[in-house]
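Engineer: Sharing a model that was predicted from the sequence below.
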Amino acid sequence: MAEHAIVTEGLRKRYRDTYALDGVDLAVRTGTVHGLLGPNGAGKTTAVRALATLLRYDAGRAEIRGFDVARQPEEVRERIGLTGQYAAVDEQLSGRQNLVMFGRLHKLGRAAAKRRADELLERFRLTEAAGKNAGAYSGGMRRRLDLAASLVRSPEVLFLDEPTTGLDPRSRNDVWDTIRSLVKGGTTVLLTTQYLEEADQLADRISVIDAGRVVAEGTADELKATIGADRVEVVVRDAADLFGVAALISRVCGVEPETDQDTRRVSALVADRVTALTEVVRALHAAGVVVEDIGTRRPTLDEAFLRLTGRRTAEKSVSATGVAR
Amino acid sequence: MADGLTMTRRNMAHLVRTPEEVALYFLLPIMFVLVFGYVFGSGMALPDGGDYREFLLPGVFAMTMLYGLGATGSAVAVDAGRGVIDRFRSMPVARSALLTGRSTADLLRALLETSVLLVCGLLVGWEWHRGVGRALAAVALVLALRVAITWIGIYLGLVVRDPDTVGMIVFPLAFPLTAVSNVFTAPELMPDWLGTVAEWNPLSATVTAIRELFGNPGLGGGGWASDNALLLAIGWPVLLTAIFAPLSVRTYQKQGD
Ligand SMILES: Nc1ncnc2c1ncn2[C@@H]1O[C@H](COP(=O)(O)OP(=O)(O)OP(=O)(O)O)[C@@H](O)[C@H]1O
Ligand SMILES: [Mg+2]
């Protein structure tokens, strides 16, 4: 099988005077999760819709499993599943009727479609609500039904556009587990998200996208590395020790640390975090300072993002990161 | 083909799940018969002196088909305005399946409506006078009109993409079509130019043709259009379908582009 399940080159889509996609290059290895991370209006949904044959792009090339999206849409549709940003289920049908219908449209026989529907309802904890109109589902239930609908016939490539937006932590974990097990089974996943935590948790590689362009690409660790060093952080018990500890760290690590009165925290960028940590611990012990917490911290993706796009991420992603922790 | 059937079944399932809407839907034509037949009917005179309810019923058949425009249009708009259409389009489903499924389901529904109207008509003293064969041919013409109207409704729904707006557009669209036609009065009784417009109205063609097939009064005043009503009753639906079906399929393919 080809190495890359999804490839795009110079993908462009213009809406009047804005480029929703302004030359997007992607290469997603078969059987991996690729995160598409970006703020509101970055072009995530447009990219997914273009790849899922839903809109025609103006320029560039896109291939799914070796099939050209523009010229061989039928072949592409045979191989993909899509969970869009907005739930795509028939709200006037029950959850089960929805899944049976999608199964039938995927050329499953009647009995097979029913069996598959029940399996998926079970897996997404929807069995109890199976007979209710999907329109009467809660947002989270609808989302899960939507995800189930895109898995009716296990797709080779799955597009997930903000799949956990609006889910409670338990449902979010369910979705994450599902994605992980799909990937184990060989599915390739392109996942858009504003949740930095989500990309960090799931994605093998991440493309950071802003204003229709990929501004950075790599593993979560690589992206964090692009903004530089790790930190050693010390939280002192007594605020009075703050400046003493800062001076100590400055001496041991050879850099000027930042101090934060409110959190009683001293932190410093270091080149080799393990050595730095060991030395700081030793020096603190020798000085007899009582500390509440000490450790090293890699930069968060949030910090990486700020650095790469020169902007804060959307507010909801910040709070979402909080929830996910 | 199989996809179209699945979509038809989907639309029929909608009907089953919303019985109150369906009941309301059948109530409308029954009300037309009662209101126009008894309230206006007593004061209406026909040029050829026939019975007004005999005259009216074929008109109500056609009018009921026309008002199906709203149901079709808003059902399609509901789909078009929501994400579900994206899912259909991202699946290996025949491109026309959603639309042919809709038009088939609406045809089945029209068949039900027509049956209700037939019974209702017989109850108020209307009948067919020229045999079951011709009566069935008349029903076929009514359904042909409905097919054309379905495709117009589908197009409307795809373009407007909001069921409430569709509901608002339908009445000003449908009302003049029924008013300036031979549904309620004979075009001969209208001012000259208006009578001509009424005669050429696709609705009038079907109504005249089925009056003839049912053997009901009100065959019109001998203009070319009313003399060739049967031809027009086939020609109009064929023409409208030939325009709006491909137009709808094309619009559907470009949804969300
Ligand atoms: N149908 C459309 N017509 C006009 N402009 C559009 C259309 N769809 C998207 N855009 C524009 O294209 C840009 C990218 O939109 P897109 O929906 O892809 O962003 P996104 O990254 O998915 O954002 P979000 O996080 O809010 O979902 C935006 O500037 C948007 O306004
Ligand atoms: Mg989006």
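Structural biologist: Cool, got the structure. Ligands and ions are numbered 1, 2, ... in the order given.
Engineer: For the residue in chain B that chain A sits nearest to, which residues are in contact?
Structural biologist: Here the residue of chain B nearest chain A is B:Gly83; by CB to the nearest CB that distance is 3.4 Å. No exception for glycine: its C-beta is placed from N, CA and C like everyone else's. Residues counted as contacts of B:Gly83 (CB atoms under 8 Å, 6 or more residues apart in numbering or on different chains) are A:Gly84, A:Tyr86, A:Ala87, A:Ala88, A:Val89.
Engineer: List, out of these, those positioned next to chain B.
Structural biologist: Applying CB under 8 Å from any CB of the partner chain, the subset of those adjacent to chain B comprises A:Gly84, A:Tyr86, A:Ala87, A:Ala88, A:Val89.
Engineer: out of those, who's nearest B:Arg87?
Structural biologist: Closest approach to B:Arg87 among the ones next to chain B among the contacts of B:Gly83 (CB to CB): A:Ala88, at 3.9 Å.
Engineer: would you say A:Gly35 is within a strand?
Structural biologist: Yes - assessed with DSSP: H, G, I helix; E, B strand; the rest coil, A:Gly35 lies in a strand.
Engineer: Tell me how far the most centrally placed residue in chain A lies from A:Leu191.
Structural biologist: For chain A, the residue nearest the mean C-alpha position is A:Ala199 (2.9 Å; CA atoms, centre = their mean). If you measure A:Ala199 against A:Leu191 using CB to CB, to the nearest Å, the figure is 7 Å.
Engineer: and if you look at A:Trp176?
Structural biologist: With CB to CB as the criterion, A:Trp176 and A:Leu191 are 10 Å apart.
Engineer: show me where the stretch 101-250 of chain A has strands.
Structural biologist: A:157-161, A:188-193, A:205-210, A:213-218, A:230-236 (DSSP state E, counting those that start in this stretch).
Engineer: Between those strands, which one is closest to B:Pro202.
Structural biologist: strand A:157-161 (44.2 Å).
Engineer: so how many other residues sit close to A:Asn25?
Structural biologist: Small correction: residue A:25 is Asp, not Asn. Applying other CB atoms under 10 Å in any protein chain shown, we find 15 residues neighbouring A:Asp25.
Engineer: Just the pLDDT for the closest residue in space to it that isn't next to it in sequence.
Structural biologist: Excluding its sequence neighbours, the residue lying closest to A:Asp25 (CB to CB, 6 or more residues apart in numbering or on different chains) is A:Glu9, at 5.6 Å. Reading off the confidence values, A:Glu9 has pLDDT 97.
Engineer: Enumerate every residue touching A:Glu9.
Structural biologist: Taking CB under 8 Å, 6+ apart, we find A:Glu9 in contact with A:Asp25, A:Gly60, A:Arg61, A:Ala62.
Engineer: got a list of contacts for the strand or helix carrying the first one?
Structural biologist: So that's A:Asp25. Taking DSSP states H and E as the criterion, A:Asp25 maps to strand A:18-29. Strand A:18-29 has contacts (CB under 8 Å, 6+ apart) with A:3-14, A:34, A:36, A:43, A:46-47, A:50, A:57, A:60, A:188, A:190, A:204-205, A:207, A:209, A:211-214.
Engineer: sorry, back to before: what about the contacts of A:Glu9, which one has the most neighbours?
Structural biologist: Using other CB under 10 Å as the neighbour criterion, A:Ala62 leads the contacts of A:Glu9 with 22 neighbours.
Engineer: Surely it is in a strand?
Structural biologist: Yes - remark: A:Ala62 belongs to a strand, assigned using three-state DSSP.
Engineer: check contacts around it.
Structural biologist: A:Ile6, A:Val7, A:Thr8, A:Glu9, A:Leu11, A:Ala50, A:Leu51, A:Asp68, A:Val69, A:Ala70.
Engineer: Show me where the stretch 1-150 of chain B has its helices.
Structural biologist: B:2-17, B:19-34, B:52-81, B:84-90, B:97-123, B:132-160 (DSSP state H, counting those that start in this stretch).
Engineer: Quick one: those as JSON lines, columns for mean neighbour count and distance to A:Val245 too.
Structural biologist: Putting these into JSON lines (neighbours: other CB atoms under 10 Å in any protein chain shown; distance: least, CB to CB, whole Å) gives the following:
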{"stretch": "helix B:2-17", "mean neighbour count": "18", "distance to A:Val245": "68"}
{"stretch": "helix B:19-34", "mean neighbour count": "15", "distance to A:Val245": "72"}
{"stretch": "helix B:52-81", "mean neighbour count": "24", "distance to A:Val245": "60"}
{"stretch": "helix B:84-90", "mean neighbour count": "23", "distance to A:Val245": "56"}
{"stretch": "helix B:97-123", "mean neighbour count": "19", "distance to A:Val245": "67"}
{"stretch": "helix B:132-160", "mean neighbour count": "22", "distance to A:Val245": "67"}
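Engineer: For these, which has the smallest mean pLDDT value?
Structural biologist: Minimum mean pLDDT among those: helix B:19-34, a mean of 83.
Engineer: coming back round to it: can you give me every residue that contacts the residue lying closest to the residue of chain B closest to chain A once chain neighbours are set aside?
Structural biologist: Computed as CB to CB, 6+ apart, the closest residue to B:Gly83 that is not its neighbour in sequence is A:Ala88, at 3.4 Å. For A:Ala88, the contact set (CB under 8 Å, 6+ apart) comprises A:Leu82, A:Asp146, A:Ala149, B:Arg82, B:Gly83, B:Val84, B:Ile85, B:Asp86, B:Arg87.
Engineer: Quick one: residues contacting the fourth one.
Structural biologist: This points to B:Arg82. A:Tyr86, A:Ala88, A:Glu91 are the contacts of B:Arg82 under CB under 8 Å, 6+ apart.
Engineer: what subset of those residues is also close to ligand 1?
Structural biologist: Counting by CB under 6 Å from any ligand atom, nothing from the contacts of B:Arg82 sits close to ligand 1.
Engineer: closest to ligand 1 among those residues?
Structural biologist: Nearest to ligand 1 out of those is A:Tyr86 (CB to the nearest ligand atom; 9.6 Å).
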